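> Give me coordinates for this.
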Amino acid sequence: MNIGEALLELKSMRSELARLQEARENSFRWVEEKPKEKFAESSEEIVGLIEKIRKFKLNIEETNHFSYIDTPEGKMSLAEAIHYVGDLRSELSCLEKLREKYKKEREYGWGSEKLPKFEYQIEQKELLAKIRELEKKKVRMDAFLSSWNWKVKLKE
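Numbers count the residues shown, from 1 in each chain. Okay, the predicted model is just below:
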C-alpha cells in the first residue's frame, strides 16, 4: 500500500468513526422503545477503531519522516515537504491580510475623511507579485507532494 492509498483508507476509517459515534449518541436515550445498540458495545467498537486509526496515522507519519524525495526545493523528507507546504500556506495567508489593507483604503477613497492617508512599505504591485510567486511555489509543491504520495510505499 502506498501513502495515497493509506490516506484514503484513513479518511474512510475517520468517516466510519464519526458514524459509530453518531449512532451511539442517537441510541443513548430513548422515549418508548429501547434501542438494540448497547452503549458498552458501541463504546468498545469506537475505542477499537480509534486505536486502529492512531496506529495507522503513526505508520503514515513514520513513513513520511523516513522517506526522502527530490523536490523542486531540494532533497527533503516527505514530512519536511508537508511542513514546507504548510509554511507557504501560512505566509500566503499573512500576505493576503496585508493585501486587504490596500483594499480598505480603496473602499473609502483616497481623499476620504474617514481614513488617514496611509504610507506602505512596498507598493501593492510588488506585494501582489510576491503573493503570485508564493502561490505558484505552493501549487507546484502541493502537486509534487501529492504525486509522491502515490509512489512511496507505506512502511509496515
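> Tell me who's in contact with the closest residue to L88 other than its chain neighbours.
Distances taken as CB to CB, 6 or more residues apart in numbering put K138 closest to L88, at 4.2 Å, once the chain neighbours are dropped. Glycine gets a C-beta too; all of them are placed from N, C-alpha and C. K138 is in contact with V85, L88, R89, L92, counting by CB atoms under 8 Å, 6 or more residues apart in numbering.
> pLDDT for the residues you listed - can I get that in TSV?
Below are the contacts of K138 laid out as TSV (pLDDT from 0 to 100):
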residue	pLDDT
V85	97
L88	98
R89	97
L92	98
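> now those in CSV, with distance to E61?
Putting the contacts of K138 into CSV (distance: CB to CB, whole Å) gives the following:
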residue, distance to E61
V85, 16
L88, 20
R89, 19
L92, 25
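> Quick check, central residue of this structure?
Nearest to the geometric centre of the chain sits G86, at 7.9 Å (CA atoms, centre = their mean).
> what does the domain assignment say about the protein?
Per the record, the chain has its domains at 1-66, 68-151, by automatic domain parsing.
> Any idea which of those has the lowest pLDDT on average?
Looking at the domains of the chain, the lowest mean pLDDT belongs to domain 68-151 (a mean of 89).
> tell me how far the ends of it are from each other?
In domain 68-151, first residue to last residue: 12 Å (CA to CA, to the nearest Å).
> From the chain's centroid, how far away is that domain?
Remark: domain 68-151 is offset 16 Å from the chain centroid, using CA atoms, centre = their mean, to the nearest Å.
> same question, stretch 27-40
Stretch 27-40 sits 36 Å away from the centroid of its parent chain (CA atoms, centre = their mean).
> follow-up on the earlier one: which residues touch the residue nearest to the centre of the chain?
By CB under 8 Å, 6+ apart, the contact set of G86 is empty.
> K136 - how many residues pack around it?
By the other CB atoms under 10 Å criterion, the neighbourhood of K136 contains 10 residues.
> Kindly apply the preceding question to A6 instead.
A6 has 19 neighbouring residues, counting by other CB under 10 Å.
> likewise K55?
Look at K55: counted by other CB under 10 Å, it has 10 neighbours.
> is it fair to say it lies in a strand?
No - assigned with DSSP: H, G, I helix; E, B strand; the rest coil, K55 falls outside any strand and is helix.
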